[in-house]
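Student: Predicted model and sequence below, questions to follow.
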Amino acid sequence: MKPTPVLAKSHWKQIRNEEFEVAVLPWGATEAHNTHLPYGTDIIEAEILAEAAALQAQEKGAKVIVLPAIPFGVNTGQHDIRLDINLNPSTQLKILEDVIESLLRHNLHKLIILNSHGGNDFRQMLRELGLKFPGMWLFQANFYQIPLPEKIFDEPDDHAGEMETSLMLYLKPELVLPLEEAGDGASKTISIGAVRQKWGWTEREWSKVTRDTGVGNPKKATREKGEKYFRYVVGEMAQLFFEVAKTRREEAYT
Ligand SMILES: [Zn+2]
């Protein structure tokens, strides 16, 4: 049997004498995704993408271990949407601190957070944790920002739209409700100019932005688009895992 790169599916028998070059921490969220995708969409995406990319990186010779996904994300802007579960950024920082300490104790010095949720932003935390733990090289990767070489989707996707729905139709079709019954993901934009131009920022009040919790129209989503997208982003992530595994930190800048 081929060794799995996923810690939750591994046994001590295999792990106790194994060394790894990089750990991957999938980080999702638990939140409503329009009316047709499940609350666990971001968790499912992060977990499956991380495993598939780690397998590919492993085949190329990288030693990767995927940690269990953190199921809750920052949902402060969706606090009034039923059973969206919020994890504050300060709690995320504490979780990361404990995970990093555990990894360092076991001779792991590289960590990639594979993020699948727009409300999560670990960059400032990674700056702070990087100072505190100079022995750990920290990365964040947002899979949904991977640039595509060709157009796969007709409509832009922000949340539960064409891209995310296509991906879920490929990964977990049994969890996707009929698209005819889904909301259209229509959204409003804030009237303040600087925020529209994106040099100003304020948190989006989700229930004022969208009626169905979606931002982006899911109606043109297909399984085929999802498969094409999945294959491409997994390849890009596998490359990231491989590069981080094989790059010596002292020689990272050329
Ligand atoms: Zn999502």
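Tutor: That came in fine, so what should we check first?
Student: The closest residue to the ion within the chain - nearest residue in space that isn't next to it in sequence?
Tutor: Closest approach between the chain and the ion, counting by C-beta to the ion: residue 42, at 4.3 Å. Where C-beta positions appear, they are placed from N, C-alpha and C, glycine not excepted. Excluding the flanking residues, the one nearest residue 42 by C-beta to C-beta, 6 or more residues apart in numbering is residue 28, at 3.7 Å.
Student: My understanding was that that neighbour contacts residue 114; is that so?
Tutor: No: with contact defined as C-beta atoms under 8 Å, residue 28 does not count as touching residue 114 (9.4 Å).
Student: Could I get the pLDDT score of the residue of the chain closest to the ion?
Tutor: Looking at residue 42, its pLDDT is 98.
Student: ok, so what distance separates it from residue 24?
Tutor: As judged by C-beta to C-beta, to the nearest Å, residue 42 and residue 24 stand 16 Å apart.
Student: what's the answer for residue 144, then?
Tutor: For residue 144, the distance to residue 24 - C-beta to C-beta - is 16 Å.
Student: what's the average pLDDT for the helix ranked longest in the chain?
Tutor: Secondary structure assigned by DSSP state H gives helix 223-246 as the longest helix of the chain. Mean pLDDT, computed over helix 223-246, is 98.
Student: what does stretch 151-165 give?
Tutor: Per-residue scores along stretch 151-165 average to 95.
Student: residues in the stretch 1-150 of the chain within reach of the ion, list them.
Tutor: By C-beta under 5 Å from the ion, the residues of the stretch 1-150 of the chain that approach the ion are 41-42.
Student: Give me the below-cutoff pLDDT ranges for the chain.
Tutor: Applying pLDDT under 70 to the chain flags the ranges 1.
Student: Could I get the full set of strands for it?
Tutor: In the chain, the segments counted as strands under DSSP state E are 22-27, 64-66, 110-115, 137-142.
Student: what are the ranges of the helices in the stretch 51-200 of the chain?
Tutor: For the stretch 51-200 of the chain, applying DSSP state H, counting those that start in this stretch gives helices covering 89-105, 123-132, 162-171, 193-196.
Student: TSV for those helices, including mean neighbour count?
Tutor: Formatted as TSV, these follow (neighbours: other C-beta atoms under 10 Å):
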stretch	mean neighbour count
helix 89-105	15
helix 123-132	14
helix 162-171	25
helix 193-196	11
